[in-house]
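Chemist: Fold the following for me, if possible:
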Amino acid sequence: MDKYKILIIGVVYNDEQKFLIASRSKTEKIMPGVYSYHVGELHFNEKEKYEALEKSLHLEVEEETGAKIKYPNYLSSHQFVDDENNKVVAIAFLSKYESGEIKASTEEVEKVEWKTISEIRELKTLPVVHEIYESAYNSLQTKSKLHFISVAGIVLNEKNEFMLVKDNTSMKDGGLWTLPIGDVVNLPGSTWEMLSANLAQNLKNDYEIEIEDGAIPFTDQSFHGRDDFAGLVEFFIARVNTDKSKMTNPDVTWKQFQDIKQDEVLPSIYKIFEKSAFFIRELTKEQK
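Modeler: You can find the predicted model right below:
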C-alpha cells in the first residue's frame, strides 16, 4: 500500500508586506543553513473533525517562529516523492501575522527574519521556495490592490530635468515617452503618505530610482481604462536621490521641459509637464 504524507506550508506576511522566512540549522542533515518557508506534517487528531489543515498551520507556524497568525488562505499545492519513497502532497497557505515574539523556536531552525520580496529574491535557496514566495507576493498584491487608482511621478534630477520612461503600450514607431505610472496598493499611512510610499516603491522596483522624502501632491487626472471603468491617476512632484539611484537605464531619459517634443509624449502627459514646469518656475522664484 502506498504511503502518503501531507505537509503544511505557512507563508506569513505583516502590515509592511514583508514575509517571515526561516534559515535551517547548520546541523541539519538535509539542506543545512538554507532559507525556507515554514513547513511541517499534518497534525492528525481524530477528535477534531474540522479545519484540520488550518489548525496544523497555526501550530506549525507558532512552534517554529513564535508567531500567531490569522486569515489563512489557500495559496497553492505541490506533489513529489521523497527520499523514503513516500508520496507527498504539500499545501501552502498565506496568512497574516497577528502577534507574538518572532524567534527561532525549534532546533531545526537557526533564525527567523522578516524580509521583503526583493530580499528573498536575492537569497540562495531552492527554486520551489522562490516560487512559493513569488506566488504569495502576487496574491498579496492582487488582494490589496486599490483598483482603478494609479500614482505617477513628476521626478526631477539635480539639473531640474524631468524623468521620462518608455511607454510600452505605444503603437507608434520608436515608441512614446511618458511619466512613471504604477499601481497603488494599500500601504500603511494616511492617504497622501500611502500614495507617496507607493510612488517610491514603484520607482525603486521598476527603475531602481530612489526619491527624496517629501514628494508633493500636484494634480490628478481621470481616465477610462478597460471595460470603460473610470479611474484616477494622482501625480506627485519628487526629486531623485542621485546617490542611491541607477541613473543609466535604456527605458529612462532625462530632459529639460523645453527639450520635450509634443509628438514624443501623449498629449495629456505633455500638459502635465507643462503645468509642472510652470509650477516649479514659480516656486523657485518665491524661494529666491
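
Chemist: and Lys275, what does it touch?
Modeler: Taking CB atoms under 8 Å, 6 or more residues apart in numbering, we find Lys275 in contact with 218-219. In this view, the C-beta of every residue, glycine as well, is placed from N, C-alpha and C.

Chemist: and it, that one's in a helix?
Modeler: Yes - counting by DSSP: H, G, I helix; E, B strand; the rest coil, Lys275 falls inside a helix.

Chemist: Give me the pLDDT value at it.
Modeler: With respect to pLDDT, Lys275 has a value of 92.

Chemist: same check, this time on Lys96
Modeler: The model's pLDDT for Lys96 equals 92.

Chemist: Ok, Phe223 next?
Modeler: Residue-level pLDDT assigned to Phe223 equals 62.

Chemist: ok, now Ser135?
Modeler: pLDDT at Ser135 comes out at 91.

Chemist: Show me what the helix or strand Ala22 falls within packs onto, helices and strands only.
Modeler: Using DSSP states H and E, Ala22 maps to strand 19-24. When contacts are defined as 3 or more CB pairs under 8 Å, 6 or more residues apart in numbering; DSSP states H and E, strand 19-24 packs onto strand 4-13, strand 35-36, helix 52-65, strand 109-115, helix 117-121, helix 127-144.

Chemist: Measure how the last one sits relative to strand 19-24, angle-wise.
Modeler: Translated: helix 127-144. 160 degrees (axes from the mean of the first three to the mean of the last three CA atoms, to 10 degrees).

Chemist: quick revisit: any chance you could list what contacts the strand holding Ala22?
Modeler: In contact with strand 19-24 (CB under 8 Å, 6+ apart) are residues 11-13, 31-38, 64-65, 67, 97, 102, 104, 108-117, 120, 123, 133, 136-137.
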